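[1] I'd like to go over a predicted model; first the sequence, then the structure.
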Amino acid sequence: QVQLVESGGGLVQPGGSLRLSCAASGSIFIIAVMGWYRQAPGKQRELVATITSASYSNYADSVKGRFTISRDNAKNTVYLQMNSLKPEDTAVYYCNADLVSAPPQFDRREYWGQGTQVTVSS
């Protein structure tokens, strides 16, 4: 079993900052890609940022220059530093991991966290 547990969401004023964390635990062999997605009310889930085990990162155009994704491979943890937050960043943020489970399964699949609410409002 693999679990992803997110933390760090909350209410922040426009222009403020938040840092999200997501720790993966369980029967893990290797995590290829970790990432963050978000879903606002009435909208589809969208990519925010991803990062590979070699620390290659990718960002949605809407967050470039404001958000920074990073990971600690030893802790199986991914972070999302969000600066200059805007009301349109309000959404539930979901952690995602593309990983291979430990033997004997050696099963590669994606896992999702339960989501953490980020609200940007004055």
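    Nice, I can see it.
[2] got a list of what residue 8 touches?
    Listed by Cβ atoms under 8 Å, 6 or more residues apart in numbering, the contact set of residue 8 reads 18-21, 116. Quick note: C-beta positions are derived from backbone N, CA and C, even for glycine.
[3] Among those, which one sits closest to residue 79?
    Nearest to residue 79, judged by Cβ to Cβ, of the contacts of residue 8 is residue 21 at 5.4 Å.
[4] Can you give the strand pairings for the host helix or strand of that closest one, parallel or anti for each?
    Assigned by DSSP states H and E, residue 21 belongs to strand 18-26. Next to strand 18-26 in the sheet, as set by DSSP bridges, lie strand 2-7 (antiparallel), strand 77-82 (antiparallel).
[5] now for the next helix or strand after the last one, which elements pack on it?
    Per DSSP H and E, strand 77-82 leads on to strand 91-101 as the next helix or strand towards the C-terminus. With contacts defined as 3 or more Cβ pairs under 8 Å, 6 or more residues apart in numbering; DSSP states H and E, the secondary structure elements packing on strand 91-101 are strand 2-7, strand 18-26, strand 28-39, strand 77-82, strand 108-112, strand 116-120.
[6] same question for stretch 81-98, mean pLDDT?
    The pLDDT scores in stretch 81-98 average 98.
[7] distance between the ends of that stretch?
    One end of stretch 81-98 to the other measures 21 Å (Cα to Cα, to the nearest Å).
[8] So which bits of that stretch are buried?
    If you call a residue buried by 16 or more other Cβ atoms under 10 Å, then stretch 81-98 has these buried ones: 82, 85, 89-98.
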